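Undergrad: here is my input; please provide its structure:
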Amino acid sequence: MLWPPANGKPKFEHTLRPPATTRAAMPGANLSIGQPSRVYDGRIDILLSDRADQDGKITYRDETLNLSPSGRQIDLSLTYAKHLSAEMSASFKFTQTDDIHHIAGAAKTYSGFLGFQYKDLAFGVGQQRADSELRMSYVKRF
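TA: The predicted model follows:
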């Protein structure tokens, strides 16, 4: 069975925050805990090709892959947003992730984001502890 269900909301999500429509316009701190969508159980049968032999003949074999995850990813996030003026705001988000990619025993991952918005210009910087990469992006709305 695949998640999210037809209504689009992951079944195992629990939050300690206002609904998204309210949260976006509301400054202040929010704490959330959730689980990203995942395959709950299942398997897939696939037909794989082998390398071609000397005569160019390709052989095929059937493989069955288990799709059941070994773990359950849980994200714990703390966010804070502040309106600095009618046209300017700043925000940050810190997330701790357990069993990333639904793999049991995976190392905890920490990530952070710092954002700034002025009128229609948005700028953000984020980093994930597992990566040494620092990512920046900006958006200009027309």
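Undergrad: pretty sure Ser49 is touching Ile58, no?
TA: Yes: if you go by CB atoms under 8 Å, Ser49 and Ile58 touch, sitting 5.3 Å apart. Where C-beta positions appear, they are placed from N, C-alpha and C, glycine not excepted.
Undergrad: return the set of buried residues in stretch 59-74.
TA: Pro69, Gln73, Ile74 (16 or more other CB atoms under 10 Å).
Undergrad: and the helices in this structure?
TA: Taking DSSP state H as the test, the helices found in the chain are 20-23.
Undergrad: centre-most residue in it?
TA: Pro36 (6.5 Å; CA atoms, centre = their mean).
Undergrad: please name the nearest non-neighbouring residue to that one.
TA: Nearest in space to Pro36, with sequence neighbours left out and distances taken as CB to CB, 6 or more residues apart in numbering, is Gln73 at 5.7 Å.
Undergrad: my guess is the residue nearest to the centre of the chain contacts Gly71, does it?
TA: No: Pro36 is not in contact with Gly71 according to CB under 8 Å; the separation is 12.0 Å.
Undergrad: which residues sit in contact with Leu47?
TA: Remark: with contacts taken as CB atoms under 8 Å, 6 or more residues apart in numbering, Leu47 is in contact with Tyr60, Arg61, Asp62, Glu63.
Undergrad: how does it look with 7 Å?
TA: Residues near Leu47 by CB atoms under 7 Å, 6 or more residues apart in numbering: Tyr60, Asp62.
Undergrad: please name the bridge partners of it.
TA: Asp62 (DSSP bridges).
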